[in-house]
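Enquirer: Sequence and predicted model, in that order:
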Amino acid sequence: MKNTGEQQQHVTELDDRDVVEYLMRHPDFFIRNAALVEQMRVPHPVRGSVSLVEWHMARSRNHIDRLRENMSLLMEQAQANENLFSLVLTLQGQLAAASSLHDMLNRLHRWARDMGLAGASVRLFSDKWRIGAPSGFTDLALNRTAFEPLRIQRMGDAQHYLGTLNGPELLLVLPQAKAIGSVAMSVLGGDESLGLIIFTSRDPQHYYPDQGTQLLQEVAMLLPGLLERWVERV
């Protein structure tokens, strides 16, 4: 038989895992030792110590608070998604009702202005669309080779860019634009790479990297099918 010293040594060698395993095997421990549990004190950073019951209640309140915060975030996200869907649906209806390509682009521009932006512009890669003379759409053409350095510098492997552009970059993608502070630019058609949709703001801080791009992406995927009503693909 083990003597008292050996038993005490065995007890002191218990670690957290041993205690946890014991409690998992004996879930009625706290019921059998209710009076002891009420007397146990837990270190507290402000009050010095609190009872185990108070500590558990505080943890429960914190858990409930986190659940409420998560629910609030989910509700905010649902509202944002609903607003996004409404914006895209409204735009789709307006563009589908256009009587010409010029009318469609004007409607897109007005939709952007209604959101407080300077405007919206579409540029089409000349190797993907039949927009050469005498089509009347030559002002939409953008040379892919000329655009490639800007794409590498600003977009990298991404489909979107939000932020500022320097003078030569603005001249390339928006040769007629004036007083542009920042842009939200996305490749039309995703991996098909058909051109660009560019939303502009006079505020240099309006668009910035790491900003949400869901609306931009939805518009960039929507436009090619509508453009094909008026412009032939190569």
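Expert: Cool, the structure landed.

Enquirer: Might you list the low-confidence residue ranges for this protein?
Expert: Of all residues in the chain, those with pLDDT under 70 make up the ranges 1-12, 37-38, 42, 44-53, 55, 72-82, 84.

Enquirer: swap the cut-off to 50 and go again
Expert: Counting by pLDDT under 50, the chain contains low-confidence ranges at 1.

Enquirer: how's it carved up into domains?
Expert: As given by automatic domain parsing, the domain ranges for the chain are 1-97, 100-227.

Enquirer: Just send these back as JSON lines, with distance to residue 233 too.
Expert: C-beta coordinates here come from the backbone N, C-alpha and C atoms, glycine included. Output for the domains of the chain, formatted as JSON lines (distance: least, Cβ to Cβ, whole Å):
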{"stretch": "domain 1-97", "distance to residue 233": "18"}
{"stretch": "domain 100-227", "distance to residue 233": "6"}
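
Enquirer: Buried deepest among the ones you listed, which one?
Expert: When neighbours are counted by mean count of other Cβ atoms under 10 Å, the highest per-stretch mean among the domains of the chain falls to domain 100-227, a mean of 16.

Enquirer: Out of the domains of the chain, the one nearest residue 234 is which?
Expert: Nearest of these to residue 234, taken as Cβ to Cβ: domain 100-227 at 5.6 Å.

Enquirer: How far does the closest one sit from its chain's centre?
Expert: Taking Cα atoms, centre = their mean, to the nearest Å, one finds the center of domain 100-227 at 20 Å from the center of the full chain.

Enquirer: for it, how far is the first residue from the last?
Expert: Taking Cα to Cα, to the nearest Å, the first and last residues of domain 100-227 lie 10 Å apart.

Enquirer: One more: stretch 199-207?
Expert: Terminal residues of stretch 199-207 are spaced 9 Å apart (Cα to Cα).

Enquirer: Which residues does it contact?
Expert: The contact list for stretch 199-207 (Cβ atoms under 8 Å, 6 or more residues apart in numbering) reads 112, 117-121, 162-164, 174, 177, 179-185, 216.

Enquirer: if we go to 10 Å?
Expert: Defining contact as Cβ atoms under 10 Å, 6 or more residues apart in numbering, one finds that stretch 199-207 is touched by 108-109, 111-112, 115-121, 161-165, 170, 173-174, 177-186, 215-216, 219.

Enquirer: Equivalent analysis for stretch 167-178, please.
Expert: Outside of stretch 167-178, the residues within contact range by Cβ under 10 Å, 6+ apart are 118-119, 121, 123, 139, 142-143, 146-147, 149-150, 153-154, 164-165, 180, 183, 185, 196, 198, 200, 202.

Enquirer: cutoff 6 Å now
Expert: Surrounding stretch 167-178, the residues in contact under the criterion Cβ atoms under 6 Å, 6 or more residues apart in numbering are 121, 150, 180.

Enquirer: Kindly report the same for stretch 221-233.
Expert: For stretch 221-233, the surrounding residues in contact (Cβ under 6 Å, 6+ apart) are 95, 101, 129-130, 137, 188-189, 194.

Enquirer: any chance of those in JSON lines, with secondary structure and distance to residue 33 too?
Expert: As requested, those are exported to JSON lines (DSSP: H, G, I helix; E, B strand; the rest coil; distance: Cβ to Cβ, whole Å):
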{"residue": "95", "secondary structure": "helix", "distance to residue 33": "72"}
{"residue": "101", "secondary structure": "helix", "distance to residue 33": "80"}
{"residue": "129", "secondary structure": "strand", "distance to residue 33": "79"}
{"residue": "130", "secondary structure": "coil", "distance to residue 33": "84"}
{"residue": "137", "secondary structure": "coil", "distance to residue 33": "83"}
{"residue": "188", "secondary structure": "strand", "distance to residue 33": "69"}
{"residue": "189", "secondary structure": "coil", "distance to residue 33": "68"}
{"residue": "194", "secondary structure": "coil", "distance to residue 33": "72"}
